[in-house]
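**Q** Just the structure for this:
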Amino acid sequence: MTTDRGHVTRVPILLRNRDMDTLGHLNQSLYHVFIEEARTAVVLELLGTGVVDYVLARVELDHLHEVRLEDREVAAEAWIEHVGAKSLRIGSRVVKLDGTVVAQGTTVLVAWDPERRGSRPIDDEERAALVAGLPVAT
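**A** The predicted structure is shown next:
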């Protein structure tokens with residue numbers, strides 16, 4: 001979907017009993033799993049390929065509200081915030097069905113050369129596809 005954040009990918013996620021910690025709310029580690037689902041989906045949607053040669057370099061995540069099993073479902077959303085020479089910054093958030101943002105943050109992915117086992121420049125074709133997901137400047 002297109003929003004003021006540009007192209008946003010939304011991934012619905014059903015909550016399970018085992019997702020909850022001993023305090024009765026969503027285990028903190030699962031927020032990272034959920035935003036990984038969304039960031040992978042947004043990159044695949046924009047690049048249109050089954051292989052994503054990017055590696056995780058940084059994650060920043062703020063937990064804002066509790067999620068309980070009674071919420072039954074959340075959605076993870078991701079969008080491109082910036083495309084650099086070798087990396088891209090992705091915004092993400094986890095939201096309840098009522099729209100409450102429960103976590104939000106950013107991720108930096110680095111383009112990866114699997115043969116060299118190191119970073120690589122983002123090529124022109126990738127850049128064009130990723131930049132197409134950015135918000136339109138007004």
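**Q** in the longest strand along the chain, what counts as buried?
**A** Using DSSP state E to define each element, the chain has its longest strand at strand 101-113. By neighbour count on 16 or more other Cβ atoms under 10 Å, the buried set for strand 101-113 is V102, A103, Q104, G105, T106, T107, V108, L109, V110, A111, W112. C-beta here means a position set from N, CA and C on the backbone, and glycine is covered the same way.
**Q** And the helices in this structure?
**A** 28-47, 124-131 (DSSP state H).
**Q** Include mean pLDDT and mean neighbour count when you put those helices into a markdown table, please.
**A** As requested, these are exported to a markdown table (pLDDT from 0 to 100; neighbours: other Cβ atoms under 10 Å):
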| stretch | mean pLDDT | mean neighbour count |
| --- | --- | --- |
| helix 28-47 | 94 | 19 |
| helix 124-131 | 92 | 15 |
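**Q** May I see those arranged in JSON lines, with distance to L64 as well?
**A** Below are the helices of the chain laid out as JSON lines (distance: least, Cβ to Cβ, whole Å):
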{"stretch": "helix 28-47", "distance to L64": "10"}
{"stretch": "helix 124-131", "distance to L64": "27"}
